[in-house]
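Asks: Turn this into a structure:
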Amino acid sequence: MATTSQDIKTPPADKASDSRRLIKQLIAIVGDSYVLTSPESTRQYRTGFRFGSGPVLAVVRPGSLLEQWKVLNACVAANKIIIMQAANTGLTGGSTPDGDDYDREIVIVSTLRMAKVHLIDEGRQVICLPGATLFQLEKALRPLKREPHSVIGSSCIGASVFGGVCNNSGGSLIHRGPAFTQMTLFARMDEAGEIHLVNHLGVKLGNDPETILKRLDQGDFKATDIEYSPGHVASDHGYADHVRDVDADTPARFNADPRGLFEASGSAGKVMLFAVRLDTFEMEDQTAVFYIGSNDTAELESIRRNMLANFESLPISGEYLHRDAFDVAEKYGKDTFLAIQYLGTDRLPALFAMKARFDSVRLKFLPRDLSDKIMQAVSGLFPGHLPKRMKDYRDKFEHHLMLKMSGSGIKEARTYLGSVFPSDQGAFFECSPAEGEKAFLHRFAVAGAAVRYRAIHRDEVQDIVSLDVALRRNDRNWFEKLPPDISAPIKHKLYYGHFFCHVFHQDYIVTKGHDTMALEHKMWKLLDARGARYPAEHNVGHLYEAEPSLINHYKTLVPCNSFNPGIGRTSKCAQWR
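Replies: This is a model prediction of the structure:
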């Protein structure tokens, strides 16, 4: 979290001495083991999953909400830039620095040690602390037969709950919409530069910050302390009707949609967030997956429009996958697929934490991307992992749609799809439980496949251009056709996404020697002409311009007179002094 030049105080005469004094303060707050300062120890925190890297003064890992509050105050008093970071799974570098041209030193506050989840109202709602992940929340709710807003199948392994709320991430579940809540506990700065703790959780915890934070951390509150107000919601209650409007000339959901901007929701990390209160959802008892293949994009769009407009039961999810993405994921996402299949989601965070630690301590004489190369080689020793019917559809059809239905919607979809297929261009089959699980797991593995491809083929690949696009709900020509001058330098185009919401993730693997940023800016112009909005569910990070609605939201949260929305500067703008 950064500030503007207007907010900068006169720097002390001895900057190095001032920085050493802050480091001592931080150590006194959290302990020596949880203040990292060497380049080796901070590398995994200051390097983005796909994008963004730069030097930092320190990485601080508070273990309690009160420690986090004290770290905030110490860094603000020392006039340091603060970057809040949870799982660091973002695709746009929003939780890491980018370059070394900041006006002051940076402190990253990593929140993963504070991974508590408090179940309230018999699990119908939860209060999550800063380090809680979706995997953790799923595990806590599973015995109650309930689910969080988002489940496995969205964009990243180990994604945090806070990341979804702050970035309006939608996930793959059609009827739940973007992650949203009006009930949070956060810190903000007023016009005079004073920091205030704002308790809008709807839980009576006291009046002073220390009492509030200690009690919440310890779960020291009773059912009678929890307030329920129909005027304050913990999810987007109107999204199901919103997404059904297939003739609307606007996207169903996107990062800067005013519908999803409320205090910490949509804040993109521009406030320090301490807790969120969210709805949970009843787990579906009976589900079925239908696998659809087609060589006609209009055919899939007709299915989307008919089901959204006319079905009594909305699908749980409807995920799109292009043949090229299918192929790259089959080879370069295989280890992710196998790890989830054989180890389960519970062990994945630890596995990928081990990989991050290995990468951060890698000796200089060892090859770059060594862990990726080892994992890729090991995955090749395993037999084919995809069902035969999926492989057959890959050969027959360019476009793939995985449709998950529940309850009465299963019969509704079975009857409807049976009336549509087989057609001249497409067909479908109803998956067995094992096939359905593998179909969605394969779709999930696509998200990291481009990164793995880049790691294995560094000599051929310049970089990845990654777009996160929300198309208009009435856009029938949803499949992108790039002009030759843009398409020529692209080695692979990976298209996948949340089809019924018209949210697409588009990864372009660019051949060596080409300017990926210039290429991306050309693509933006094409998207603008189509009425698309971007990013759809990721942070603006260092890659996107912040839209006016988002800029105004930031200014409301943290006063700023010279917010710079320019490209590459969206996270170098005003937040904390």
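
Asks: drop to CA atoms for contacts and neighbour counts, all remaining ones
Replies: Will do.

Asks: got the contact list for Ala325?
Replies: 446, 493-496 (C-alpha atoms under 8 Å, 6 or more residues apart in numbering).

Asks: Can you verify my assumption that Ser466 contacts Tyr508?
Replies: Yes - judged on C-alpha atoms under 8 Å, Ser466 makes contact with Tyr508 at a distance of 6.3 Å.

Asks: Counting neighbours, which bits of whatever helix or strand Asn552 lives in end up buried?
Replies: Asn552 is located in helix 548-557, with elements delineated by DSSP states H and E. Across helix 548-557, burial judged by 16 or more other C-alpha atoms under 10 Å covers 550-551, 553-555, 557.

Asks: of the residues you listed, closest to Leu386?
Replies: Leu550 (41.6 Å; C-alpha to C-alpha).

Asks: Read off the pLDDT value for the closest one.
Replies: With respect to pLDDT, Leu550 scores 84.

Asks: If we ignore the residues flanking it in sequence, what's nearest it?
Replies: Ala256 (5.3 Å; C-alpha to C-alpha, 6 or more residues apart in numbering).

Asks: Could you count how many residues lie near that neighbour?
Replies: By other C-alpha atoms under 10 Å, 26 other residues sit near Ala256.

Asks: quick one: which of the contacts of Ala325 sit in helices?
Replies: Those of the contacts of Ala325 mapping onto helices are Val446, per DSSP state H.

Asks: which of the contacts of Ala325 has the most neighbours?
Replies: Val446 (32 neighbours).

Asks: number of nearby residues for the residue nearest to that one when sequence neighbours are not counted?
Replies: Of all residues not flanking Val446 in the chain, Ala329 sits nearest, at 4.8 Å (C-alpha to C-alpha, 6+ apart). Using other C-alpha under 10 Å, Ala329 is surrounded by 26 other residues.

Asks: Would you state the strands of the stretch 101-250 of the chain in chain order?
Replies: 106-110, 117-120, 125-128, 146-147, 184-189, 195-199 (DSSP state E, counting those that start in this stretch).

Asks: mean confidence for the shortest one?
Replies: Right, the one you point to is strand 146-147. 92.

Asks: now do the last one
Replies: Looking at strand 195-199 alone, the average pLDDT works out to 93.

Asks: Please apply the same query to the fifth one.
Replies: Confidence for strand 184-189, expressed as mean pLDDT, is 91.

Asks: The third one now?
Replies: Confidence over strand 125-128, taken as the mean pLDDT, stands at 97.

Asks: That strand: how far from the chain's middle?
Replies: 19 Å (C-alpha atoms, centre = their mean, to the nearest Å).

Asks: Output the below-cut-off pLDDT ranges for this protein.
Replies: Residues of the chain meeting the criterion pLDDT under 70: 1-13, 91, 152-157, 345-349, 352-353, 356, 360-365, 558-577.

Asks: Now do Glu147 against Ala288, distance only.
Replies: 17 Å (C-alpha to C-alpha, to the nearest Å).

Asks: whoops, Ser267 was the one
Replies: Distance from Ser267 to Ala288, by C-alpha to C-alpha: 36 Å.

Asks: Compare the two and say which is more crowded by neighbours.
Replies: Ser267 (26 against 21).

Asks: so where does His400 fall, helix or strand?
Replies: Going by DSSP H and E, His400 is in strand 399-406.

Asks: so what does that strand touch, helix or strand wise?
Replies: strand 287-294, strand 317-322 (3 or more C-alpha pairs under 8 Å, 6 or more residues apart in numbering; DSSP states H and E).

Asks: Name every sheet partner of the shortest one and say whether each one runs parallel or antiparallel.
Replies: This means strand 317-322. strand 399-406 (antiparallel), strand 490-498 (antiparallel) (DSSP bridges).

Asks: just so I know, which of the ones you listed lies nearest Gln376?
Replies: strand 490-498 (18.7 Å).

Asks: which element follows that closest one toward the C-terminus?
Replies: strand 503-511.

Asks: could you give the angle of the next helix or strand after that following strand to strand 503-511?
Replies: Scanning forward in sequence from strand 503-511 by DSSP H and E, the next helix or strand is helix 516-529. Put simply, helix 516-529 runs at 150 degrees to strand 503-511, going by axes from the mean of the first three to the mean of the last three C-alpha atoms, to 10 degrees.

Asks: returning to that earlier point: put together JSON lines for the helices and strands packed on strand 399-406, with distance to Val461 on each row.
Replies: Formatted as JSON lines, the helices and strands packed on strand 399-406 follow (distance: least, C-alpha to C-alpha, whole Å):
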{"stretch": "strand 287-294", "distance to Val461": "30"}
{"stretch": "strand 317-322", "distance to Val461": "21"}
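
Asks: And the ones you listed: which comes nearest Val198?
Replies: Per C-alpha to C-alpha, nearest to Val198 of the helices and strands packed on strand 399-406: strand 317-322, 35.4 Å.

Asks: roughly how far is stretch 486-498 from the heart of the chain?
Replies: So, by C-alpha atoms, centre = their mean, the centroid of stretch 486-498 is 20 Å from its chain's centroid.

Asks: before we move on, what about stretch 523-535?
Replies: Counting by C-alpha atoms, centre = their mean, stretch 523-535 comes out at 20 Å from the chain centroid.

Asks: cool, and stretch 267-282?
Replies: 13 Å.

Asks: Same question for that stretch: list its buried residues.
Replies: Buried residues in stretch 267-282, defined by neighbour count with 16+ other C-alpha under 10 Å: 267-281.
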